[in-house]
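> what's the 3D shape of this:
(4 chains)
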There are 4 protein chains.
Amino acid sequence: MTELFVRSASLRNATLRALERRGVSLVEIAELTYFLQKDYVGGLTRELCLQNVEHVLAKREVQNAILTGIELDVLAESGRLSEPLQSMLRSDESLYGVDEVLALSILNIYGSIGYTNYGYIDKLKYGCLAGLNDKSTGRVHCFLDDLVGAVAAAAASRLAHRHRSEMETDLDDEE
Amino acid sequence: MTELFVRSASLRNATLRALERRGVSLVEIAELTYFLQKDYVGGLTRELCLQNVEHVLAKREVQNAILTGIELDVLAESGRLSEPLQSMLRSDESLYGVDEVLALSILNIYGSIGYTNYGYIDKLKYGCLAGLNDKSTGRVHCFLDDLVGAVAAAAASRLAHRHRSEMETDLDDEE
Amino acid sequence: MTELFVRSASLRNATLRALERRGVSLVEIAELTYFLQKDYVGGLTRELCLQNVEHVLAKREVQNAILTGIELDVLAESGRLSEPLQSMLRSDESLYGVDEVLALSILNIYGSIGYTNYGYIDKLKYGCLAGLNDKSTGRVHCFLDDLVGAVAAAAASRLAHRHRSEMETDLDDEE
Amino acid sequence: MTELFVRSASLRNATLRALERRGVSLVEIAELTYFLQKDYVGGLTRELCLQNVEHVLAKREVQNAILTGIELDVLAESGRLSEPLQSMLRSDESLYGVDEVLALSILNIYGSIGYTNYGYIDKLKYGCLAGLNDKSTGRVHCFLDDLVGAVAAAAASRLAHRHRSEMETDLDDEE
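Predicted structure coming up:
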């Protein structure tokens, strides 16, 4: 029987596989989150960052944005998009903007506090974002660098919210 | 000792009190959600809609948007804003737009699928939104009508996502 | 010589051709704008609506969103996307949401006042949006219906802003 | 006679006065734009940046966001907001987020390419943003720092679009 809709597990697995095939590990994304939050969350571990990245990647909206962006990157890489889209993605045209639009849809799920963190690591090309922006490889990562930065910043937002909740619990315990 | 930050419980209670003082009950918001989803979710009850509205209102970003919007409404109602902001809020100036901006920040937490539901009930002035838009009362609800519509549409989005998860579980059980 | 970037004229022409090939005329989009604004702008003509639609379509961000969305529709229609994206676009999956994300990026250029108009016509499936939502045709318009609704609502926002400016000029002349 | 709406000139003047009264000059905002674009636009002058800042500030949505944000800052500074909003704005609570929401509504008018520039200067606290973030002064700039960063980043986006148009014209002349 034809399924009426795509199952959540299928969507999640496809997202993780797509990231892996495009050479991005969850550990690398977690490293970006660690860089963003280490000065604000006492005793932060890379393991905790990884857990938050995994939570972000479990959201359907995040999966849909990632699958769509990577699909466009892959199609552009093998020259299968029509013009002028093909040229814009291949050259990572600075005025294209649809990559930032998809990134923002990921950030929004965790509120507005992630906007500045996203902008910051995107501009610094920190960590794995440097490799994704290397135009000499022939790879097309027009969308992927923005999506990875957005997932890392969204995980940082999630961490900030959770950290506050824990501080409140600690204060309650002291009383 | 001065607290370092506003506690979550204090924020939540302030939000619920603010809505109540401005004459909006959670049951009325849930009625909007019911109207939006009744044709798509079989066996939907008003009680389930209310639970989803309560979940939306438990989010910090939602609380911040509501508290800020209602504060501006109340200040305008008693003539305590400076011009030209005072006149714009008092007349619910159609080109103001900051009310829609705050509404969108609520919708975004639950992804983009709530945009059309929000626009639809806002335009129809369905249910309690009709009263909030009655300009003859002397009350200022420049922000509140948009915030209430956004909470109802966000609850509808949350319901749609949960309903899908349940359908998947049912399919799994049949196998 | 290889061009360093895609020219504006090439982007504009590609956008207009893409809409035409997918069966949407600018006159049909203008009809949606007319429906949205006729009760608010005295003496509104379809010709003025068409001019505003053309202005919206001249914006680079709007062109990029339309070209990207239509490309994905076309690829899905001929079965050239990878799974699970292929199935989601083919079935116009209600929880996909990337179509609404691209639509919002068009609305945002003209401020937040277009959100409700977009939601309203999208839900009503007014005018040409009915045909685009007809699933029996074998065509895939997962993105196109949202993009067309957004262009029409953006043109309505532009009209509203311009109409206000003209009212101000008239008031100045009376003085 | 009571005016039916607030005049554009009144809105524009109020915005410029509000920025001035809060100690932010257009020249300082233009300096942020210069910092963001100097490496990308050959021969860029501070004067051209200032012109672009003025164009951004002429947009109604930008004026509405600035007037609303500054009003809340001023009310908080003199202790006239109700709790818990008063405490959140006074302490520039990192999880508040409504300030970033208003900033984004400014950026959106010029497309998505300004998101990263906004995040970058906000995080660096470059130029006049450092002073606005100095918590030792007793002043409340919870909204103003984000609004100023957003105007500067929006002006940078406008510059980038215009610069491209000029490059195209030059290429046409060469042919």
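> OK, contacts around the nearest residue to A:A14 once chain neighbours are set aside?
Distance criterion CB to CB, 6 or more residues apart in numbering or on different chains; nearest residue to A:A14, sequence neighbours excluded, is C:P84 at 5.4 Å. Bear in mind the C-beta positions are built from the backbone N, C-alpha and C, glycine included. Residues counted as contacts of C:P84 (CB atoms under 8 Å, 6 or more residues apart in numbering or on different chains) are A:V6, A:S10, A:L11, A:A14, A:L67.
> now the helices for chain A?
Along chain A, the stretches classed as helices by DSSP state H are A:8-21, A:26-37, A:46-57, A:60-77, A:85-90, A:98-108, A:115-124, A:128-132, A:144-174.
> Show me which residues of the third one are buried.
Residues of helix A:46-57 classed as buried: A:L48, A:C49, A:L50, A:Q51, A:N52, A:V53, A:H55, A:V56, A:L57 (neighbour count, 16 or more other CB atoms under 10 Å in any protein chain shown).
> What score does the residue of chain A at minimum distance from chain B have for pLDDT?
Nearest residue of chain A to chain B, counting by CB to the nearest CB: A:N108, 3.6 Å away. A:N108 carries a pLDDT value of 94.
> Skip the chain neighbours and tell me the closest residue to it.
B:N108 (3.6 Å).
> what stretches of chain A score poorly on pLDDT?
A:1-4, A:175 (pLDDT under 70).
> interface residues of it facing chain D?
Taking CB under 8 Å from any CB of the partner chain as the contact definition, chain A meets chain D at A:94-95, A:97-98, A:100-101, A:103-104, A:111-113, A:115-120, A:122-124, A:160-161, A:164.
> can you list the residues of chain A near chain B?
Checking chain A against chain B by CB under 8 Å from any CB, the hits are A:5, A:7-8, A:60-61, A:105, A:108-112, A:161, A:164-165, A:167-168.
> What is the nearest of those residues to D:G23?
A:S112 (25.0 Å; CB to CB).
> How about the closest one, nearest residue that isn't a chain neighbour?
D:E100 is the one closest to A:S112 (CB to CB, 6+ apart), at 3.8 Å.
> pretty sure the one you found contacts A:T116?
Yes - with contact defined as CB atoms under 8 Å, D:E100 reaches A:T116; the gap is 7.1 Å.
> Deepest in the core, which of the helices of chain A is it.
helix A:98-108 (a mean of 27; mean count of other CB atoms under 10 Å in any protein chain shown).
> so what does that helix touch, helix or strand wise?
Secondary-structure packing of helix A:98-108 (3 or more CB pairs under 8 Å, 6 or more residues apart in numbering or on different chains; DSSP states H and E): helix A:60-77, helix A:115-124, helix A:144-174, helix C:60-77, helix C:98-108, helix D:115-124.
> Just the residues contacting the fifth one, thanks.
Pointing back at helix C:98-108 there. A:64-65, A:68, A:97-98, A:101-102, A:105, B:112-113, B:115-116, C:56, C:61-62, C:65-66, C:68-69, C:114-115, C:118, C:142-143, C:145-147, C:149-151, C:153-154, C:157, D:108-109, D:111-112.
> Please apply the same query to the last one.
The contact list for helix D:115-124 (CB under 8 Å, 6+ apart) reads A:100, A:103-104, A:115-120, A:122-124, D:32, D:35-36, D:103-104, D:107, D:127, D:129, D:145-146, D:149-150, D:152-153, D:156-157.
> Excluding chain neighbours, give the residue nearest to A:F5 in space.
That would be C:E93: by CB to CB, 6+ apart, it lies 6.2 Å from A:F5.
> need the contact list for the one you found.
Applying CB under 8 Å, 6+ apart, the residues near C:E93 are A:F5, A:V6, C:S87, C:C142.
> Backbone dihedrals for the last one, please?
The one in question is C:C142. phi -50, psi -50 (degrees, to the nearest 10).
> what number of residues lie near it?
For C:C142, the count of nearby residues is 21 (other CB atoms under 10 Å in any protein chain shown).
> give the contact list for it.
By CB under 8 Å, 6+ apart, the neighbours of C:C142 are C:L72, C:D73, C:A76, C:M88, C:L89, C:R90, C:D92, C:E93, C:Y96, C:D99.
> Export these to CSV and append columns for distance to B:G138.
Output for those, formatted as CSV (distance: CB to CB, whole Å):
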residue, distance to B:G138
C:L72, 50
C:D73, 50
C:A76, 53
C:M88, 49
C:L89, 50
C:R90, 53
C:D92, 46
C:E93, 46
C:Y96, 44
C:D99, 42
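> ok, those residues vs A:A18, which is closest?
Proximity of those to A:A18 (CB to CB) peaks at C:M88, which lies at 13.8 Å.
> Run a quick check on that closest one versus A:N64, I expect a contact.
Yes - contact criterion CB under 8 Å: C:M88 and A:N64 qualify, at 7.5 Å.
> Can you pull the residues that touch both of the two?
In contact with both C:M88 and A:N64: C:Y96, using CB under 8 Å, 6+ apart.
> Which of the residues of chain A next to chain B sits closest to chain C?
Nearest to chain C among the residues of chain A next to chain B, with distances taken as CB to the nearest CB, is A:S105, at 4.4 Å.
> Spell out which residues of chain A are next to chain C.
So far as CB under 8 Å from any CB goes, chain A lies against chain C at A:3-6, A:10-11, A:14, A:60-61, A:64-65, A:67-68, A:71-72, A:74-75, A:80-85, A:87-88, A:91, A:93, A:95-98, A:101-102, A:105.
> sorry, back to before: where's the residue nearest to A:N108 relative to B:L67, distance?
Going from B:N108 to B:L67 by CB to CB, to the nearest Å gives 18 Å.
> now the buried residues of helix A:46-57 as CSV including distance to C:T137?
Rendered in CSV, the data for the buried residues of helix A:46-57 read as follows (distance: CB to CB, whole Å):
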residue, distance to C:T137
A:L48, 50
A:C49, 47
A:L50, 46
A:Q51, 46
A:N52, 44
A:V53, 41
A:H55, 40
A:V56, 37
A:L57, 35
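> and which of the residues you listed is nearest chain D?
Using CB to the nearest CB, the buried residues of helix A:46-57 come closest to chain D at A:N52, 15.5 Å.
> do you know how far the closest residue to that closest one other than its chain neighbours is from D:S91?
Closest residue to A:N52 apart from its sequence neighbours, by CB to CB, 6+ apart: A:A155 at 4.0 Å. For A:A155, the distance to D:S91 equals 25 Å [CB to CB].
> Pick out the residue of chain A closest to chain D.
Closest point on chain A to chain D, by CB to the nearest CB, is A:G119, at 1.5 Å.
> Excluding chain neighbours, give the residue nearest to A:N117 in space.
A:A153 (4.1 Å).
> doesn't A:I29 make contact with that neighbour?
No - taking CB under 8 Å as the definition, A:A153 is not a contact partner of A:I29, at 10.1 Å.
> Let's have the helices of chain A in CSV, adding distance to B:N133.
Output for these, formatted as CSV (distance: least, CB to CB, whole Å):
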stretch, distance to B:N133
helix A:8-21, 39
helix A:26-37, 42
helix A:46-57, 38
helix A:60-77, 31
helix A:85-90, 43
helix A:98-108, 27
helix A:115-124, 32
helix A:128-132, 47
helix A:144-174, 34
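> Out of those, which gets nearest to C:G138?
helix A:60-77 (21.5 Å).
> Give me the distance from the closest one to the chain's centre.
11 Å (CA atoms, centre = their mean, to the nearest Å).
> returning to what we had before: right, so of the helices and strands packed on helix A:98-108, which gets closest to A:R21?
helix A:60-77 (8.3 Å).
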